[in-house]
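Student: Sharing a model that was predicted from the sequence below.
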Amino acid sequence: MEFLKTIFYGIYNLLWGDLITIPLPGKSSVGLSLLVLILIPSGIYFTVKTRFLPFRSFPEMIKISIEKKESSREQLSPKNSISGIQALIISTATRVGMGNLVGVVAAISAGGAGAVFWMWIIALLGSSTAFVEATLAQIYKEEDPLYGGYRGGPAYYIHHLFLKTKSQNHKPSVIAVLFAISGLICWCGISQVIGNSVSSAFENAFQIPPLYTTGALVFVAAIIVLRKNATVKVLDIIVPIMAGLYFLITLYLIIKNAGQLPAVFQRIFTEAFGLRQAVAGGFGAVIMNGAKRGLFSNEAGSGSAPCAAAAADISHPAKEGLLQAFGVFIDTIVICSCSAMIMLLTPEGLTQNLEGMDLLQTAMHHHMGNFGVIFIAVILWLFSFSTFIGILFYARSNVAYLFGDNWISQTLYKLLALVMLFIGGMAAYTFVWDLGDIGIGLMTIFNMIALFPLSRHAIKSLKEYEATLQMPKKPKN
């Protein structure tokens, strides 16, 4: 058992530990993990290759996100297919989770206000990576004989990368299999974290015992995920409401404390470049906490969101890529920034020696009294619940790739995730939390193996789409 544990944490430290340490002035240093060394250069590379897509294509992202699905496509679409915006809602449901609340709080606590700036930078770079993987998911998608519509994701485009002949089409690829397994491991770990976070928040806010909160959470989740196609309908309702409420409450707090904003932004930009931390040797913490929070939150490069992107029935692959790039903006630039503002508009003295959910609820109590504490508990429930529903949508294509098209394997994985959700709500098992981190780390490694050689197809798709935008539109009769 000790031998397996040693191997397990050896892999964990390889993925998330400081692989390289760079000394900085002021007795500071920056520790770079393997995933940071992969994802940040990748984000820079794809940003350059797409000709700075997050900046120049932002108006087009907005335009696509509000356009209606073409009526002609509705007649040709497979049964139960989903639109591009619905795929965006699903990926947003999983991106916008407890990390946007507790994770941002942890980043600021460890790295100061400057971590917010680096979180923004990483999100802008991650948008290009998200575009590439989502576009590839669209290019290599296939029809789903079980649920209807389409399916796909990294397991499927990795499969095509290593496909040498058409006769091998039904022979699984080793790297694709490893990605699918890593994904299923990761999502089981996340299920436990979700259960624990929700039960803890409700116990703090309402003094409700974890058994009752967890039991209700699992019961409601089971009703949705064990039905064939309830996921998308539920997320269509929950995600806009939860994100909208959180944004509006934060906007109210910003307007209420408008006089403090110049000082808050001055603090963010001053601490971002370590002008205060360099003396104390904390500049490395500023950069890395912001970078890690950005990477963990937006999931760009991990291969999760492409599982939703592939399901979209959309007129051009690049359009879904642009939508998913926009999803990174929603997650980090909007929602994570909301949490940051709630924290930074709170007097520092009130939150000293606090961490996690206690810190955030204390900040909200300062702004809105008991209502603020209750609001954060409820919004965390919505964020976490939608994440759980979303990751089980992701799991569909990976289960199918590993075990074929059958309801038995699909149902068994859903039941396993529900069990993990319940166990997590009753007690915190650090080992399984770390297992989730290993899962997403391995997903990223296997996904990036395919992303670089296949990215030329995504870039080509972007050029084709942009060429169509330059063509004169035919007049309507």
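Tutor: Looks like it came in fine. Numbers count the residues shown, from 1 in each chain.
Student: how about low-confidence regions in the stretch 251-400 of the chain?
Tutor: When residues are selected by pLDDT under 70, those of the stretch 251-400 of the chain lie in 274-298, 351, 353-357.
Student: Can you list the residue ranges for strands in this structure?
Tutor: Taking DSSP state E as the criterion, the chain carries its strands at 20-24, 28-32, 142-143, 150-151.
Student: Quick check on residue 173: phi, psi?
Tutor: phi -90, psi 140 (degrees, to the nearest 10).
Student: Is it correct that it is in contact with residue 159?
Tutor: Yes: here residue 173 reaches residue 159: they are 4.6 Å apart, a contact under CB atoms under 8 Å. Every C-beta, even on glycine, is put in place using the N, C-alpha and C of the backbone.
Student: okay, the two: which has more neighbours?
Tutor: The neighbour count for residue 173 versus residue 159, taken as other CB atoms under 10 Å, is higher for residue 159 (24 against 20).
Student: my guess is that one contacts residue 177, does it?
Tutor: No: between residue 159 and residue 177 there is no contact under CB under 8 Å: 9.0 Å.
Student: Now the common contact residues for these two.
Tutor: residue 401 (CB atoms under 8 Å, 6 or more residues apart in numbering).
Student: ok now do residue 177, which residues does it touch?
Tutor: Shown in contact with residue 177 (CB under 8 Å, 6+ apart): 155, 401, 402.
Student: mind showing which ranges of the stretch 101-250 of the chain have poor pLDDT?
Tutor: In the stretch 101-250 of the chain (pLDDT under 70), the answer is 101-103, 106-107, 109-111, 164-170.
Student: Let me know which of the strands of the chain is tucked in deepest.
Tutor: The highest average neighbour count among the strands of the chain, using mean count of other CB atoms under 10 Å, belongs to strand 150-151 at a mean of 24.
Student: Adjacent strands (with direction) for it?
Tutor: In the sheet, strand 150-151 lines up against strand 142-143 (antiparallel) (DSSP bridges).
Student: can you give me how far the strand it pairs with is from the chain middle?
Tutor: Centroid separation between strand 142-143 and its chain, computed with CA atoms, centre = their mean, to the nearest Å, is 24 Å.
Student: One more: stretch 302-318?
Tutor: Going by CA atoms, centre = their mean, where stretch 302-318 is centred and where its chain is centred differ by 14 Å.
Student: In stretch 315-329, which residues are buried?
Tutor: Within stretch 315-329, the residues that count as buried by 16 or more other CB atoms under 10 Å are 315-329.
Student: and which of the residues you listed is nearest to residue 17?
Tutor: Within the buried residues of stretch 315-329, the smallest distance to residue 17 is 25.6 Å, found for residue 328 (CB to CB).
Student: which non-adjacent residue is nearest residue 342?
Tutor: residue 363 (5.4 Å; CB to CB, 6 or more residues apart in numbering).
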